[in-house]
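Undergrad: quick one: sequence plus predicted model below, questions after.
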Amino acid sequence: MSIRTKVFLIIFVLFAALGIADFIVQRFVIYPSFLELEHREAGENLQRIFHAIDRETYHVERLCRDWATWNDSHNFMATGYEGFIESNLSDDSLDNISLNLLVFCDTRGNIVWSRVRDLEDKTTLQLGFMAEGRIDPAHTTLALHPSPEGGRGKRGIFNTEAGPMLFATREVLRSDGSGPANGFLIMGRFLNETMLETLKEQTRLSFEIVDPFDNARFLCRTSGMKPMQTGNLTYYTKDDGDKMVSCAGFQNEAGETLFGVQYLFPRETTRKGIDSIRYAVFLVIGSGVTVLVILNLMMQAVVLRPLQRLTDHAVKLQAEGDYSLRLDLDRKDEIGVLAKSLDSLVQTINDRTVELQRANEQLTQLSLNDALTGIANRRMFDAYLKQEWRRAMREQTPLSIMLADVDHFKKYNDTYGHQQGDMCLIGVAAVMQLHMQRPADLLTRYGGEEFAAILPGTDAEGARHMAEVLGQAVRDLRIDHCGSDAAPYVTLSIGVVTTIPSPEEGDGGMDMLLEQADQALYQAKKAGRNRVLAWKPELFKTD
């Protein structure tokens, strides 16, 4: 490593450490504060939504109080005056004040007059809690309590079969607030899509109302949601890319969840935090690059030019490989010492080169073996086949090869797993290698679950016998294979071919030999697997 590289590396490491430290501070100190602000803002937005809903309930209460403390309403409850109905309780009147529900009932809950309207469809609805012509005094709409404005009343939300409804109930009194109360007035508005659009405009938040028992839509019940608390509101959040999922349940006075409120909160705060972290990192990187450039200019003027000569000499040694060259550099400083050391290292380099060549030869030898099974690999197969092919062609002796395939090995892997599949291949290779009879015979892993053997000086009968021996040896292992339709244990399909190479064929005959072996293997598998099939021209004319 050169002096310049060392210096640059030291400076680089220092700046990298500074950058990493800055990143750690940004990521684990500053960035979490952005996240905390973001989660807090999500809770505050949910509170805004709840307050907006509460304001709508308050508006219903104000309207209900105005109607309930009205002499005409009091007289109507006392006398049942029909003119009051015609003048004030028409459908158009309810539409004008955006009421879905208006009920007059006596103090026992018996309904004197009621109307439930769908304001969009202009149709009349039926609600279960008032189906029998009366309202149970225990129903939430009649669970009244004293009001600061006088009299008794209540406002809130309750669920109906048509969806959540905002309601207000007041005692029917005279205009001056005097009694006695001769009944109750109940007004309600559905929390429907129209109201949701109004609330979204008020809060400037795009949210939705969901049934809390609809697990497919209520995000608070999904995994990964983190509980948070702001004031007396418990809500849940979850980071979802560039947005944050926030949700909470809207509860009544009894603590029962009526419906869920949820929305996607754009993570602007986090984005700004990430931008600031990037800015800090880029600033450190930019500063580091600037310092490195300045150091390079200084080192070039003071140190690097004298080192150039030394570098050129080293490059020449590398390019020409002439280790008799010497560098005549007479300097009394560190560079001069380095030049003398370089000359003394030339011989050492030569020795190391020889050792490296030997090591490469050993590495080449290792590359001829299959890493999994330990037997020869495809590379060794190709080289040995070429060698024995040429020998057989010179001496006009037979040469046999066989290709073996583990039957249904993919199903074996799918059934027992790839690790067990590797153990199966190791066992098959080991037992086949054990039965190879002559030193000249070579067993190789041809690829995947395929094995190949080269049998020099072996005729067709001997090759077929050897293939039968290997197939039986694998069967004798009794390796369970429930996915095979050839046998309940691991078996081989083997294709065998024998030839005496002729000089006219040359090396091109090897390809034909391999193709014939592959055809024999194909026919063995086609015939039902777990068998040996020798190649014969008359058997393969159709293929």
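TA: Great, that's in hand.
Undergrad: where in the stretch 101-250 of the chain is pLDDT low?
TA: 213, 215-216 (pLDDT under 70).
Undergrad: surely residue 19 is in contact with residue 288?
TA: Yes. Between residue 19 and residue 288 there is a contact under C-beta atoms under 8 Å: 7.4 Å. For every residue, glycine as well, the C-beta is placed using N, CA and C.
Undergrad: burial measure for the closest residue to residue 481 other than its chain neighbours, as a count.
TA: Nearest residue to residue 481, sequence neighbours excluded (C-beta to C-beta, 6 or more residues apart in numbering): residue 490, at 4.8 Å. Neighbourhood size, residue 490 [other C-beta atoms under 10 Å]: 25.
Undergrad: mind listing what residue 490 touches?
TA: 406, 407, 412, 424, 428, 474, 475, 477, 479, 480, 481, 484 (C-beta atoms under 8 Å, 6 or more residues apart in numbering).
Undergrad: ChimeraX command to pick out the buried ones of those?
TA: Those of the contacts of residue 490 that count as buried under 16 or more other C-beta atoms under 10 Å are selected in ChimeraX with:
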select :406,407,412,424,428,474,475,479,481,484
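Undergrad: now do the buried residues in the one helix or strand residue 335 maps to.
TA: In this assignment (DSSP states H and E), residue 335 forms part of helix 334-366. Buried residues in helix 334-366, counted by 16+ other C-beta under 10 Å: 339, 342.
Undergrad: with stretch 412-420 instead?
TA: 412, 413, 416.
Undergrad: returning to what we had before: show the subsequent helix or strand relative to the helix holding residue 335.
TA: Following helix 334-366 toward the C-terminus (DSSP H and E): helix 378-395.
Undergrad: give me the helices and strands touching that next one, please.
TA: Contacts defined by 3 or more C-beta pairs under 8 Å, 6 or more residues apart in numbering; DSSP states H and E place helix 378-395 against strand 399-406, strand 442-447, strand 450-456, helix 509-526.
Undergrad: of all the ones you listed, which one is nearest residue 220?
TA: strand 399-406 (53.6 Å; C-beta to C-beta).
Undergrad: ok, that closest one: who's next to it in the sheet?
TA: In the sheet, strand 399-406 lines up against strand 450-456 (antiparallel), strand 492-499 (antiparallel) (DSSP bridges).
Undergrad: among the buried residues of stretch 412-420, which lie within helices?
TA: 412, 413, 416 (DSSP state H).
Undergrad: ok, so of those residues, who is nearest residue 284?
TA: residue 413 (50.0 Å).
Undergrad: need the per-residue pLDDT for that closest one.
TA: Residue 413 is assigned 95 on the pLDDT scale.
Undergrad: contact partners for it?
TA: residue 421.
Undergrad: if we use 10 Å, what do you get?
TA: Counting by C-beta atoms under 10 Å, 6 or more residues apart in numbering, residue 413 makes contact with 419, 420, 421, 422, 424, 449, 483.
Undergrad: and it, how far is that from residue 483?
TA: Shown here: residue 413 relative to residue 483, a distance of 9 Å by C-beta to C-beta, to the nearest Å.
Undergrad: tally up the residues packed near residue 306, please.
TA: Every residue meeting other C-beta under 10 Å relative to residue 306 is counted, giving 14.
Undergrad: now do the contacts for the closest residue to it other than its chain neighbours.
TA: Excluding the flanking residues, the one nearest residue 306 by C-beta to C-beta, 6+ apart is residue 335, at 5.4 Å. By C-beta under 10 Å, 6+ apart, the contact set of residue 335 is 3, 303, 306, 307, 309, 310, 329.
Undergrad: ChimeraX command for the buried members of these?
TA: A single ChimeraX command selects the buried members of the contacts of residue 335 (16+ other C-beta under 10 Å):
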select :303,307,310,329
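Undergrad: and which of the contacts of residue 335 is nearest to residue 211?
TA: residue 3 (73.0 Å).
Undergrad: which residue ranges of the stretch 101-250 of the chain form strands?
TA: Taking DSSP state E, counting those that start in this stretch as the criterion, the stretch 101-250 of the chain contains strands spanning 101-105, 111-118, 123-124, 145-146, 152-160, 163-171, 184-190, 207-210, 226-230, 233-240, 243-251.
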